[in-house]
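Q: One predicted model, sequence on top.
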Amino acid sequence: MNVLLINRDDARENPGGDTVVIEETADFLQAQGYGVEVSSSTDLDLTRFDALHLFNLTRPQAIIGIARRALATRIPYSVTPIYWDLVEGIPWQAYEPPRSWRIRFTPKSLRYGSPFSQRTDERMLQYEVLAGAHCLFPESRAEAEHLRERFGTAMSDLDVHILPHGVLWQPRPTVAPRCSLICAGAIGPRKNQLGLVHALAKDPSLDLEILGAVPPGCHRYAKKVREAAPAHIRFRDAIPHDEVSSTLAAAKALVQPSFIETPGLAAMEARSLGLPIVVSEFPPVRECFGKDPRVFYCDPTRPEQIHEACRRAVATPPDDGIRFAEARKWSILFEPMATAYRRLFESSEY
């Protein structure tokens, strides 16, 4: 049985956590005995495949075409949504004008039909992708409930399996310390680097390194972040994934005060290295980290909470991270996917 995994078309230029998820999905399915191909092209000959696996419901324009082709040729497809409603979750002030003004002054009840945006069309496409899917693999119960709230009837016939994202454990590298805190992730409003800079600007004892690329549409935001940063806050471009461990290990703690995370792979990787982490009090994040004593939660809209959580994290000694990593093995967490694919290929419909 051959499965085609569809990656976003800019994954090579702007790699992110979803890229890791796709790679791990491919590895897992191959270990289950399936033939797997990963592609960013939506023009492939689908007759070579027995099933498709689509990613990123947040960008339905990129996957709706191949979803429709799959339905037309009666090839089943699954969806790993990696989804949260960004407009509803990020404060309007975090965006650049004029988008911030549109969000601020457009009544919530009208946003999906607002002439200022394409939200209505986007939501219809998301609904269509879900309605045609065979399996859905949300990362958390919180994400599944979030999807049900927005696309209820589209999910009525879906085979839903909660599929938490995992992490690979490895011993913490021995490297020279470089900073107290590190923030890793694409620089943009959702990640809230500007709020983090404001929270730490007056405390030079908490030196910070902000690590990440600037995705399209976020260059003005990134400029504001840099302009607001004092000398003890430094910046570094994105690095290859195989350098992440040594980079994180050079800090005392990781901070990720995002408005929305599902949760971020950087936080999980840092925790698997034994680092204390600062993360936002957000349902999928809380679901992942629970009451771990080396996880410090904050409200991303309150700079004083971010500062206090960072201060406590830096003062907390690391552990070896093994306990966290053992509970987040990809091979264990992805077992429901093996069950779902087995049911698919054994079903009378197939």
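A: Nice, I can see it.
Q: going forward, measure contacts between C-alpha atoms and count neighbours the same way
A: OK.
Q: Would you mind splitting the protein into its domains for me?
A: Following automatic domain parsing, one gets these domains for the chain: 2-166+329-346, 179-327.
Q: Show the end-to-end separation of the longest one, please.
A: One end of domain 2-166+329-346 sits 14 Å from the other (Cα to Cα, to the nearest Å).
Q: quick revisit: turn the domains of the chain into TSV, including mean pLDDT, mean neighbour count and distance to residue 172.
A: Shown next, in TSV, are the domains of the chain (pLDDT from 0 to 100; neighbours: other Cα atoms under 10 Å; distance: least, Cα to Cα, whole Å):
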stretch	mean pLDDT	mean neighbour count	distance to residue 172
domain 2-166+329-346	84	17	17
domain 179-327	94	20	5
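Q: In TSV, list those domains along with distance to residue 173.
A: Shown next, in TSV, are those (distance: least, Cα to Cα, whole Å):
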stretch	distance to residue 173
domain 2-166+329-346	20
domain 179-327	6
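Q: Can you tell me the closest non-neighbouring residue to residue 238?
A: residue 212 (4.2 Å; Cα to Cα, 6 or more residues apart in numbering).
Q: Can you list phi and psi of the one you found for me?
A: phi 160, psi 160 (degrees, to the nearest 10).
Q: how much space is there between it and residue 164?
A: In this view, residue 212 and residue 164 are 24 Å apart by Cα to Cα.
Q: Where do the strands of the stretch 201-350 of the chain begin and end?
A: Assigned by DSSP state E, counting those that start in this stretch, the stretch 201-350 of the chain shows strands spanning 208-211, 233-236, 251-256, 277-280, 295-298.
Q: Select, out of those, the one closest to residue 137.
A: Closest approach to residue 137 among those is made by strand 277-280 (23.2 Å; Cα to Cα).
Q: And that closest one, what does it pack against?
A: On a contact count with 3 or more Cα pairs under 8 Å, 6 or more residues apart in numbering; DSSP states H and E, strand 277-280 meets strand 251-256, helix 265-272, strand 295-298, helix 303-314.
Q: what does it rub up against?
A: For strand 277-280, contacts defined as Cα atoms under 8 Å, 6 or more residues apart in numbering pick out 253-260, 267, 270-271, 285, 294-300, 306, 309-310, 313.
Q: List the neighbouring strands of that strand plus their orientation.
A: strand 251-256 (parallel), strand 295-298 (parallel) (DSSP bridges).
Q: so how far is the longest one off the chain centroid?
A: Here strand 251-256 is found 18 Å from its chain centre; the criterion is Cα atoms, centre = their mean, to the nearest Å.
Q: That one versus helix 303-314: what angle between them?
A: 150 degrees (axes from the mean of the first three to the mean of the last three Cα atoms, to 10 degrees).
Q: related to what we said a few turns ago, now tabulate the strands of the stretch 201-350 of the chain in CSV and tack on distance to residue 217.
A: Formatted as CSV, the strands of the stretch 201-350 of the chain follow (distance: least, Cα to Cα, whole Å):
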stretch, distance to residue 217
strand 208-211, 18
strand 233-236, 19
strand 251-256, 21
strand 277-280, 24
strand 295-298, 27
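Q: Which one, of those, ends up nearest to residue 158?
A: Here strand 277-280 is closest among these (Cα to Cα), at 30.3 Å.
Q: Phi and psi next, for residue 3.
A: Per degrees, to the nearest 10, the backbone of residue 3 is at phi -120, psi 130.
Q: Tell me who's in contact with it.
A: Contacts for residue 3 (Cα under 8 Å, 6+ apart) come out as 34, 35, 36, 37, 49, 50, 51, 52, 53.
Q: Could you rerun that using 7 Å?
A: Contacts for residue 3 (Cα atoms under 7 Å, 6 or more residues apart in numbering) come out as 34, 35, 36, 37, 49, 50, 51, 52.
Q: Closest one to residue 226 out of those, please.
A: Once Cα to Cα is applied, the member of those that ends up nearest residue 226 is residue 37, at 39.9 Å.
Q: pretty sure that closest one contacts residue 5?
A: Yes - the criterion here is Cα atoms under 7 Å, and residue 37 meets it with residue 5 at 6.1 Å.
Q: returning to that earlier point: secondary structure for the contacts of residue 3 - can I get that in JSON lines?
A: What follows is the contacts of residue 3, written out as JSON lines (DSSP: H, G, I helix; E, B strand; the rest coil):
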{"residue": "34", "secondary structure": "coil"}
{"residue": "35", "secondary structure": "strand"}
{"residue": "36", "secondary structure": "strand"}
{"residue": "37", "secondary structure": "strand"}
{"residue": "49", "secondary structure": "coil"}
{"residue": "50", "secondary structure": "coil"}
{"residue": "51", "secondary structure": "strand"}
{"residue": "52", "secondary structure": "strand"}
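Q: how much space is there between the nearest residue to residue 204 once chain neighbours are set aside and residue 149?
A: Counting by Cα to Cα, 6+ apart, residue 204 lies nearest to residue 232, which is 5.7 Å off, once chain neighbours are set aside. Distance of residue 232 to residue 149, given as Cα to Cα: 43 Å.
Q: Next: residue 221.
A: From residue 221 to residue 149 the distance is 31 Å (Cα to Cα).
Q: repeat for residue 216
A: Taken as Cα to Cα, the span from residue 216 to residue 149 is 30 Å.
Q: just checking, residue 303 touches residue 199?
A: Yes - assessed by Cα under 7 Å, residue 303 is found in contact with residue 199 at 4.4 Å.
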